[in-house]
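>>> Please work out how this folds:
(chains A and B)
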Amino acid sequence: RKEVEQDPGPFNVPEGATVAFNCTYSNSASQSFFWYRQDCRKEPKLLMSVYSSGNEDGRFTAQLNRASQYISLLIRDSKLSDSATYLCVVNQGDSSYKLIFGSGTRLLVRP
Amino acid sequence: DVKVTQSSRYLVKRTGEKVFLECVQDMDHENMFWYRQDPGLGLRLIYFSYDVKMKEKGDIPEGYSVSREKKERFSLILESASTNQTSMYLCASSLTGTGFYTEAFFGQGTRLTVV
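Purely as a prediction, here's the structure:
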């Protein structure tokens, strides 16, 4: 089983749609959770950290479910510019700085 | 802003060559990482370093070595390049903070082709 698993997609949605991605992780000792965004042929960039209580940044909402070991990302009112690959990232158990990346979920927002 | 700079965007090397990929960060981060990214496989950790002269193997270290003689610089070495090392190589750095939210900052990537 992979340490971090994501649905590769692609998710193909119209502008204005709400879309949600889930990501599961295998190590119950993990403490740090992030969503990164990666545009085609570019480096990954931090989208948001995921806090235990859940957090929101504009149109983006991240949730953590420790009991079921998954994190989610909700994007409301999708824009064309949201088209990218979204990477789920989890630290490796008791090592706070070693980050494990999922393979990514591709999002395509169409006009 | 954190800046992580990789020495080359594109490289073409021949099978058997020794290849050096250089990475420099300017934010005094303790931790530095080398990943490779391949379609369908995501980012896989090759090596990481949590201090000068310290290194640890990641998930796929075979065929690679690293060097960290100065805090700001982390080099990835392909001892004898092979075609299966054709990939996108990404360097990253992060702080060792007191909390857990030590996100990694990435360089722009080096697309290496071994022919």
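>>> Which stretches in the chain count as strands?
In the absence of a named chain, chain A is used. Remark: strands assigned in chain A by DSSP state E are A:4-6, A:11-14, A:19-25, A:33-38, A:45-49, A:55-57, A:60-65, A:70-75, A:84-92, A:95-101, A:105-110.
>>> other chain: chain B
Secondary structure of chain B (DSSP E): strands located at B:4-6, B:10-13, B:19-25, B:31-38, B:42-51, B:54-57, B:64-70, B:73-78, B:87-94, B:105-106, B:110-114.
>>> Give me the helix or strand of chain A that scores worst on average pLDDT.
For chain A, the helix or strand with the lowest mean confidence is strand A:95-101, at a mean of 76 (criterion: mean pLDDT, DSSP states H and E).
>>> can you list the residues of chain A near chain B?
Within reach of chain B by Cβ under 8 Å from any Cβ of the partner chain, chain A has these residues: A:8, A:31-32, A:34, A:42-46, A:49, A:87, A:89, A:91, A:96-104. Bear in mind the C-beta positions are built from the backbone N, C-alpha and C, glycine included.
>>> re earlier: save the strands of chain A as JSON lines, and put in mean neighbour count too.
JSON lines is the format used below for these (neighbours: other Cβ atoms under 10 Å in any protein chain shown):
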{"stretch": "strand A:4-6", "mean neighbour count": "20"}
{"stretch": "strand A:11-14", "mean neighbour count": "14"}
{"stretch": "strand A:19-25", "mean neighbour count": "19"}
{"stretch": "strand A:33-38", "mean neighbour count": "23"}
{"stretch": "strand A:45-49", "mean neighbour count": "17"}
{"stretch": "strand A:55-57", "mean neighbour count": "12"}
{"stretch": "strand A:60-65", "mean neighbour count": "18"}
{"stretch": "strand A:70-75", "mean neighbour count": "20"}
{"stretch": "strand A:84-92", "mean neighbour count": "24"}
{"stretch": "strand A:95-101", "mean neighbour count": "22"}
{"stretch": "strand A:105-110", "mean neighbour count": "18"}
